[in-house]
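J.: Sequence below, structure please.
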Amino acid sequence: MSFLSRLSNIIKSNINFKNEEPIKEEINLNDYEDLYYSDSKEAPVKDNKEAEYYANLELEYGACFDEIKKSYRRLLKKYHPDLFQNNPEKLNAAKQVTKRINEAYNYFERKYL
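T.: Down below sits the predicted model:
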């Protein structure tokens, strides 16, 4: 049940119409829901990408640059490709993970510095 339909039900149940005629035509608030949620349905592409970068660094959205730097260093120590030289499958996966981590860190480095 959407926010607007719940709000409509609450209003209908709490309003006492003593001397007024009941409303004959029901208003379907779902038709107007897109107007209410127009700003909050989708974040801008930049924020989606930024949220992905925070996720790549295993951080909550909005972390400060010091936390980003600590997480970057911790993850590179954990996933550095040199640690997986004996296993080609893990080596390829580590290269991809390291690439994503570096991309995220470079984004925040440009943003904050």
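
J.: Check the gap between residue 59 and residue 86 for me.
T.: Distance of residue 59 to residue 86, given as C-beta to C-beta, to the nearest Å: 30 Å. Quick note: C-beta positions are derived from backbone N, CA and C, even for glycine.

J.: now do residue 62
T.: 39 Å.

J.: mind listing what's buried in stretch 77-92?
T.: 79, 81, 84 (16 or more other C-beta atoms under 10 Å).

J.: correct me, but the second one touches residue 95?
T.: Yes. Between residue 81 and residue 95 a contact is recorded at 5.1 Å, counting by C-beta atoms under 8 Å.

J.: can you list the domain ranges for this structure.
T.: 3-36, 45-112 (automatic domain parsing).

J.: Now do the phi/psi pair for residue 86.
T.: Backbone torsions of residue 86, given as degrees, to the nearest 10, read phi -80, psi -20.

J.: The buried residues of stretch 77-92 into a markdown table, with extra columns for secondary structure?
T.: Output for these, formatted as a markdown table (DSSP: H, G, I helix; E, B strand; the rest coil):
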| residue | secondary structure |
| --- | --- |
| 79 | helix |
| 81 | helix |
| 84 | helix |
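
J.: Among those residues, which one sits closest to residue 100?
T.: Of all the buried residues of stretch 77-92, the one with the least separation from residue 100 (C-beta to C-beta) is residue 79, at 9.6 Å.
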